[in-house]
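Visitor: model this:
(one chain, ligands or ions: 1)
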Amino acid sequence: MSPYAHITGWGMAVPEHILTNDDLAQRIDTSDEWITSRTGIHQRHIASRDQTTASLAVQASIHALESAGLSPGELDLIIVSTSSPEYLFPATACLVQDRLGASKAGAFDLLAACSGFIYALIISTQSIRSGDIQNALIIGSETLSRMVNWKDRNTSVLFGDGAGAFVLQAQEERGGIISSVMRSDGSGGDLLILPAGGSAMPASPETVLNHQHYVQMNGREVFRFASRVMAQATEEVVKKVQLTMDDVHLVIPHQANQRIIESALKSLNLPIERCMINLDRYGNTSTASIPIATCEAIQQGRLKPGDNVVFVGFGAGLTWGAALAVWSGLIPGAPKHVLPLHFKLYARLQSIIRRFLRHIDALIWGRHNPPI
Ligand code: ACO
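Guide: Numbering: from 1, shown residues only. Below you'll find the predicted structure:
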């Protein structure tokens, strides 16, 4: 029997700095009334100069590992879902791997925009269910504040920075992610795009002058697409395991816009009390929004072991997807030997030693290849 992929740990990290709608109204032609009525957003968190996608990801990961009682050395896989990676390469996931000291984990980035965390959840579940790996860490982390044009009122009011992480572990007992759907439609790729900086449009003085390194969006089209697919994907994932919406205790949707969520709930005939919404305080944190909302749902006591919870998201690509989990909660008796400061110090030391050994290796072998 293939093992199940249980969610056994979770954590989140958001920057301290808060930017309110009124703050924005002092910079651009907008108002608290417009932003609140069109989106439901009141404020968002913005990364400080020394905070990056990787640093937020590491913070969220440490909380997730702590709650699972798992040390980084036990991880087999790290996936960082992000649209604001530190670099095109190396992957932000490798930076996280190094800073956590997860010495036996494979690590890669996943780019499916705001649907990325759902994709990561599904891919890591499949790796666990195949019997290939035991423990995975998946992270949604964004600093999109670095990629929006702060003079563009169409986009700058929407996004916020933050990170959220889950630990998934193999267990024989039925539970964890039991149903999923992943979908895409690249014909809508131009609706939400960061045009320059890739191989299609390498960075140049023109791309900078034309503001092509910023997020560009056709809000109305994205809105229509999102309202349709959120409900569809939720229904599909529920039906796949012969359940009905009555069996779903909580829906945790991507937190983009209150009106998109309400429209999906209306199609699903689901009362708002069975949906987690916290976008008023964080804005759209893209791929981080679902794990952040999950952490807050747990803090508020809205998820208990055995509950059926649906995670559902949509984003640029276009991409969308959903996953249904039987909520596992903390593993009873999970070891509590995991101390965040120890992780960081040990990982730093390990990284320095590895760099030093590579240096010695280069000194010994010079330009020659080592013997096989
Ligand atoms: N303040 C004041 N006025 C504004 C602002 C603003 N911040 N932004 C736009 N407007 C104006 C527009 O210029 C327009 O004016 P006009 O009628 O004179 O042309 C008017 O408000 C109405 O604009 P609409 O685009 O029709 O506004 P709408 O009700 O559609 O709301 C919004 C815009 C909030 C962007 C909505 O379309 C939306 O939420 N879309 C989905 C966006 C989304 O979820 N994106 C993230 C996807 S996830 C990912 O992958 C990153």
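Visitor: the closest residue to the ligand within the stretch 101-250 of the chain and Gly160, how far apart?
Guide: Going by Cβ to the nearest ligand atom, the ligand is nearest to Gly219 of the stretch 101-250 of the chain, at 3.0 Å. Heads up, the C-betas are built off the backbone N, CA and C, glycines and all. The gap separating Gly219 from Gly160 is 17 Å, by Cβ to Cβ, to the nearest Å.
Visitor: one more: His45?
Guide: Separation of His45 from Gly160 (Cβ to Cβ) stands at 5 Å.
Visitor: try Pro202
Guide: Separation of Pro202 from Gly160 (Cβ to Cβ) stands at 29 Å.
Visitor: can you check Ile364 too?
Guide: 49 Å.
Visitor: now Ile260
Guide: Computed as Cβ to Cβ, the Ile260 to Gly160 distance reads 16 Å.
Visitor: show me which of these two is the more surrounded one.
Guide: Gly160 (29 against 24; other Cβ atoms under 10 Å).
Visitor: could you give the number of residues near Ala93?
Guide: For Ala93, the count of nearby residues is 29 (other Cβ under 10 Å).
Visitor: is it in a helix, a strand, or coil?
Guide: Three-state assignment for Ala93 (DSSP: H, G, I helix; E, B strand; the rest coil): helix.
Visitor: isn't it right next to Asp109, touching?
Guide: Yes. Ala93 is within contact range of Asp109, at 5.2 Å (criterion: Cβ atoms under 8 Å).
Visitor: next, show the common contact partners of the two.
Guide: 79-80 (Cβ atoms under 8 Å, 6 or more residues apart in numbering).
Visitor: what residues does the protein have near the ligand?
Guide: Neighbours of the ligand within the chain, by Cβ under 6 Å from any ligand atom: 30, 34-35, 38-39, 113-114, 153-154, 157-158, 192, 217, 219-220, 222-223, 226, 256-257, 284, 286, 315-316.
Visitor: next, Gly313: phi, psi?
Guide: Here is the backbone geometry of Gly313 (degrees, to the nearest 10): phi -150, psi 170.
Visitor: what is the neighbour count of it?
Guide: If you count neighbours by other Cβ under 10 Å, Gly313 ends up with 32.
Visitor: show me what contacts it?
Guide: Contacts for Gly313 (Cβ under 8 Å, 6+ apart) come out as 114-115, 117-118, 253-254, 287, 289-290, 320-322.
Visitor: ends of stretch 327-343, how far apart?
Guide: Taking Cα to Cα, to the nearest Å as the measure, stretch 327-343 stretches 27 Å from start to finish.
Visitor: what does stretch 189-198 give?
Guide: Taking Cα to Cα, stretch 189-198 runs 14 Å from one end to the other.
Visitor: now, of the residues of the chain next to the ligand, which are buried?
Guide: Among the residues of the chain next to the ligand, those classed as buried by 16 or more other Cβ atoms under 10 Å are 30, 35, 38-39, 113-114, 153, 157-158, 192, 217, 222-223, 226, 256-257, 284, 286, 315-316.
Visitor: can you tell me which of those are in strands?
Guide: 192, 217, 315 (DSSP state E).
Visitor: for the contacts of Gly313, which one is nearest Met182?
Guide: Nearest to Met182 among those is Gly321, at 4.3 Å by Cβ to Cβ.
Visitor: verify the stated contact: that closest one with Ile177.
Guide: No. The criterion here is Cβ under 8 Å, and Gly321 misses it with Ile177 at 11.7 Å.
Visitor: joint contacts of the two?
Guide: Counting by Cβ under 8 Å, 6+ apart, the residues touching both Gly321 and Ile177 are Ile122.
Visitor: between those two, which is the more surrounded one?
Guide: Neighbours per residue, other Cβ under 10 Å: of Gly321 and Ile177, the larger number sits with Gly321, 27 against 24.
Visitor: name every strand pairing with the helix or strand containing the more buried one and say which way it goes.
Guide: Per DSSP states H and E, Gly321 falls inside strand 319-326. Strands adjacent to strand 319-326 in the sheet, as given by DSSP bridges, are strand 176-184 (antiparallel), strand 308-315 (antiparallel).
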